[in-house]
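In: My questions are about this predicted structure, shown below with the sequence.
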Amino acid sequence: MKLFLYRIYQIFIMAPILLVATILTASITIILSMIGMGRWAGYFFPHWWARLFCVLTLVRVTVVGRENIDANTSYVFVANHQGAYDIFSVYGYLNHQFRWMMKKALEKIPLVGYSCKVSGHIMVDNSTPASTRETLEKAEKQLQGGMSLVVFPEGARTWDGKMRQFKRGAYRLAVEFGLPVVPITINGAFDVMPRFKKIPLYGHITLTIHKPIEAVDGVHDLSALMTESFEAIHSSLDPKYA
């Protein structure tokens with residue numbers, strides 16, 4: 001009965017509100033980005049949009065380890081990818097100015113994809129060496145003055161809640177620019193909405209922010225960086241997904 005009432009609430013109250021909120025957020029972000037306010041608008045409005053998603057879905061988010069990061073420092077955050085609510089929980093509760101590193105194909109999402117593009121999210125295009133270099137140049141302009149980057153090194157959402165192998169390309173910008181890498185463990189998002197479900201469920205998500213992995217003399221050892229970040233994320237993972 002409880003779940004039935006929750007589904008009725010989702011259909012008639014939650015879904016309409018979130019649809020309107022998504023359209024407004026994307027539209028406002030696009031307009032402000034076009035007049036030169038994309039750096040601020042590209043985070044501020046989506047941040048509160050993501051919080052609204054969690055609140056209306058009755059998903060509680062707890063953040064542990066916020067003291068490990070500084071608001072004025074640029075980082076590359078790497079996190080495990082349990083489900084769609086990884087995006088909402090990180091966007092809404094990390095409380096640090098950042099941009100996503102995402103596939104260029106996501107530009108095709110109506111309205112939302114274009115808002116991401118014009119507000120400065122890093123659209124990865126590896127189709128040619130020239131395109132790759134252009135992506136790096138755009139990223140270098142963005143990752144300054146406390147602007148950070150969030151990426152999911154697994155490349156896609158897990159099917160069973162367990163971590164997949166990390167991909168080297170996710171660390172390209174950290175290595176290229178010698179930025180500190182901050183591992184984030186996401187717990188609970190798989191229970192809220194795994195990739196094989198279309199409708200979310202209420203629940204509790206925990207973000208554990210680990211200490212930054214600093215570049216030594218401005219240089220990262222890629223293999224060691226991947227191993228250390230993987231182990232840090234895995235260390236705080238719920239035992240049922242470890």
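Out: Yep, it's here.

In: ok, and the helix or strand in the chain with the lowest average confidence?
Out: Taking mean pLDDT, DSSP states H and E as the measure, the chain has helix 129-142 as its least confident helix or strand, at a mean of 80.

In: The helix or strand just after that helix pairs with which strands, parallel or anti?
Out: Next along the chain after helix 129-142, taking DSSP states H and E as the criterion, comes strand 148-151. Counting by DSSP bridges, the strands paired with strand 148-151 are strand 76-79 (parallel), strand 98-103 (parallel).

In: Now the helix or strand where residue 33 lies: buried residues?
Out: Using DSSP H and E, residue 33 maps to helix 15-34. Residues 18, 21, 22, 25, 26, 28, 29, 30, 32, 33 are the ones in helix 15-34 that count as buried (16 or more other Cβ atoms under 10 Å). Every residue, glycine included, has its C-beta placed from N, CA and C.

In: so who does residue 89 touch?
Out: Residues near residue 89 by Cβ atoms under 8 Å, 6 or more residues apart in numbering: 50, 54, 59, 61, 186, 189, 205, 207.

In: Please report the distance of it from residue 19.
Out: Distance, residue 89 to residue 19, using Cβ to Cβ, to the nearest Å: 20 Å.

In: can you give me the strands for the protein?
Out: In the chain, the segments counted as strands under DSSP state E are 59-64, 76-79, 98-103, 122-124, 148-151, 181-187, 203-209.

In: mind listing what's buried in the second one?
Out: Of the residues in strand 76-79, 76, 77, 78, 79 count as buried by neighbour count, 16+ other Cβ under 10 Å.

In: doesn't residue 184 make contact with the first one?
Out: No: taking Cβ atoms under 8 Å as the definition, residue 76 is not a contact partner of residue 184, at 10.8 Å.

In: Residue 155: neighbour count?
Out: Using other Cβ atoms under 10 Å, residue 155 is surrounded by 14 other residues.

In: which strands and helices sit next to the least confident helix or strand of the chain?
Out: Contacts defined by 3 or more Cβ pairs under 8 Å, 6 or more residues apart in numbering; DSSP states H and E place helix 129-142 against strand 122-124, helix 172-177.

In: could you dump these to a markdown table with mean pLDDT, distance to residue 219 and mean neighbour count?
Out: Below are those laid out as a markdown table (pLDDT from 0 to 100; distance: least, Cβ to Cβ, whole Å; neighbours: other Cβ atoms under 10 Å):
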| stretch | mean pLDDT | distance to residue 219 | mean neighbour count |
| --- | --- | --- | --- |
| strand 122-124 | 87 | 22 | 21 |
| helix 172-177 | 91 | 8 | 19 |
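
In: Compile these into JSON lines and extend it with columns for distance to residue 6.
Out: As requested, these are exported to JSON lines (distance: least, Cβ to Cβ, whole Å):
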{"stretch": "strand 122-124", "distance to residue 6": "36"}
{"stretch": "helix 172-177", "distance to residue 6": "40"}
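
In: who wins for proximity to residue 37 among these?
Out: Residue 37 lies closest, by Cβ to Cβ, to one member of the helices and strands packed on helix 129-142: strand 122-124, at 18.8 Å.

In: Residue 113 contacts residue 106, correct?
Out: Yes: the criterion here is Cβ under 8 Å, and residue 113 meets it with residue 106 at 5.4 Å.
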